[in-house]
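Participant: Attaching a predicted model along with its sequence, questions to come.
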Amino acid sequence: MKTTLTMLAFSAALLAPAAQAHVTLEQTTGLAGSFQKLTFRVGHGCDGSATKGLTVSLPEGATSAKPMPKAGWKVDVGTNGGVQEISWKGGPLPDAYFDEFVMQVKLTTQPGKLYFRIVQQCDKGSVAWDEIPGDGAVKLKAPAPMLEVLPAPAGTAQHQH
């Protein structure tokens with residue numbers, strides 16, 4: 001019985017960070033050099049306040065971003081300090097609901113982790129989901145969504161124009 005309780009507590013501890021990550025990336029992996037659909041899921045607003053904007057900063061290694069239009073939201077593609085950003089403004093998305101914001105990007109040819117820094121704007125305040133893990137095992141309060149870029153299998157045809 002004690003072993004079962006220990007395993008349950010351990011499992012709950014592992015799941016806790018995911019449950020607290022309020023803007024998440026549906027896809028966990030993508031193939032190096034490919035075009036990848038990315039779906040950012042907003043689970044709720046800011047302390048009960050409705051979401052009215054979402055800005056995603058593309059990391060080095062994710063280029064050629066094309067956002068998917070959303071009814072009721074204005075989409076903007078731009079740069080801020082050399083970093084490409086995609087912003088959706090409008091809504092609002094009430095705190096009691098979730099929604100998804102979608103784009104397509106071209107992934108780097110180098111395998112590794114890509115972190116997407118996000119700012120969620122709400123009627124009252126905002127939250128920056130931009131924390132990136134360091135070498136320590138410190139629990140992040142507002143983690144940036146991460147995509148693991150995997151090596152493309154040998155002989156995989158790349159998208160050519």
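Facilitator: Looks like it arrived, so ask away.
Participant: partners of the strand with the most length in the chain in the sheet?
Facilitator: The longest strand of the chain (DSSP state E) is strand 83-93. In the sheet, strand 83-93 lines up against strand 51-57 (antiparallel), strand 73-80 (antiparallel) (DSSP bridges).
Participant: quick one: contacts of the last one?
Facilitator: What that stands for is strand 73-80. Ser57, Ala65, Pro67, Pro69, Gln84, Glu85, Ile86, Ser87, Trp88, Lys89, Gly90, Gly91 (CB atoms under 8 Å, 6 or more residues apart in numbering). The C-beta positions use only the backbone N, C-alpha and C, and glycine is treated the same way.
Participant: again, but for the shortest one
Facilitator: Residues outside strand 51-57 that contact it (CB under 8 Å, 6+ apart): 23, 40, 42, 45, 80, 83-93, 95, 99, 101, 103, 116-123, 130.
Participant: Output the contacting helices and strands for the next helix or strand after it.
Facilitator: Once the chain leaves strand 51-57, the next helix or strand it forms, by DSSP states H and E, is strand 62-67. Applying 3 or more CB pairs under 8 Å, 6 or more residues apart in numbering; DSSP states H and E, we find strand 62-67 packed against strand 73-80, strand 83-93, strand 99-107.
Participant: Redo the ones you listed as TSV? Include mean pLDDT and mean neighbour count.
Facilitator: Putting the helices and strands packed on strand 62-67 into TSV (pLDDT from 0 to 100; neighbours: other CB atoms under 10 Å) gives the following:
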stretch	mean pLDDT	mean neighbour count
strand 73-80	93	12
strand 83-93	94	19
strand 99-107	96	19
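Participant: Which one, of those, ends up nearest to Gln27?
Facilitator: strand 99-107 (10.4 Å; CB to CB).
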